[in-house]
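# Okay, predicted coordinates and the sequence, questions at the end:
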Amino acid sequence: MLTVYPITAFDDNYIWLIGNQQHSQVAIVDPGDGERVVAYCQSHGLIPAAILITHHHSDHTGGIAAITQHYEIPVYGPARENIRGVTHPLKGGEQITISEIEAKFQVIDTPGHTAGHVIYYGHQLLFCGDTLFAGGCGRLFEGSAAQMQHAMETIRALPEKTLIYCAHEYTLANLAFARVAEPKNDAITQRQQQVQQLRAEKKATVPSLLSVEKQTNPFLRWDNPALIKAASNYSKSVLSNPVDVFATVRKWKDDLD
């Protein structure tokens, strides 16, 4: 059975270690701080077996060199991005096997936040980097709204019990916007209260369940009548196309940030 350990880094990053209760090896997802990962593994008796990279931003890749100096392991990452240290470039559609932890992951192409962003799904776990966040989604730095909405559609189709392991602790801010977009959504209000309590206790708000995201994350709700109406009011135009609704909601949040 797989277990996932968080390592906090920088102001709000999560580096994920994927392990197996039967083994001491772990796969590392988006190590922005390699020295912190090495220290954690050494102090907990863990042995890195692989690195999984979602995209090229330095807070996700900056630790590759420090880790691979200590451990000769494969580094999986997007083929369409220039990432030093990647040994196994991925385009999406592949299945990777990490035998040391008895795990298999489907690689899904999700351009939008960056041009070649990929995510990893397996065992009802989704490691989604900066594509989907708890209550939100990544900014469109290099891709289009159409690409990102398609990525959201792909994620939304996964099993509802999927656990979402995103790479940042942004949930409070994301839900604050979600309440602006859907003020009458009781599920958002309830989740916001739960998240406020968790953060008051200095606890993580991730992973989250996909079923909860579908009820409370505006970037997965482009076909919800209340959100369509709110986005149309914001854009001062009648919206119906899913990409247009998504793009408007993304711009709306950007304008408020």
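Right, received. Where do you want to start?
# Tell me the spacing between Ser99 and Leu198.
35 Å (C-beta to C-beta, to the nearest Å). Glycine gets a C-beta too; all of them are placed from N, C-alpha and C.
# again with Lys214
Applying C-beta to C-beta to Lys214 and Leu198 gives a distance of 20 Å.
# Ok, Val86 next?
For Val86, the distance to Leu198 - C-beta to C-beta - is 34 Å.
# The two: who's more crowded?
Val86 (20 against 15; other C-beta atoms under 10 Å).
# Is that one part of a helix or strand, or is it coil?
With DSSP: H, G, I helix; E, B strand; the rest coil as the basis, Val86 sits in coil.
# per-residue confidence for it?
Looking at Val86, its pLDDT is 98.
# which SS class is the closest residue to it other than its chain neighbours?
Excluding its sequence neighbours, the residue lying closest to Val86 (C-beta to C-beta, 6 or more residues apart in numbering) is Gly77, at 3.9 Å. Secondary structure, three-state DSSP: Gly77 is strand.
# Any idea how many residues pack against Gly77?
26.
# right, and it touches Lys91 too?
No: with contact defined as C-beta atoms under 8 Å, Gly77 does not count as touching Lys91 (11.0 Å).
# And the strands in the protein, which stretches?
2-9, 13-20, 25-29, 47-52, 75-78, 88-90, 95-98, 103-109, 118-122, 125-129, 132-133, 136-137, 163-166, 208-209 (DSSP state E).
# can you tell me which of those strands comes nearest to Lys236?
Checking these against Lys236 by C-beta to C-beta gives strand 136-137 as the closest, at 23.2 Å.
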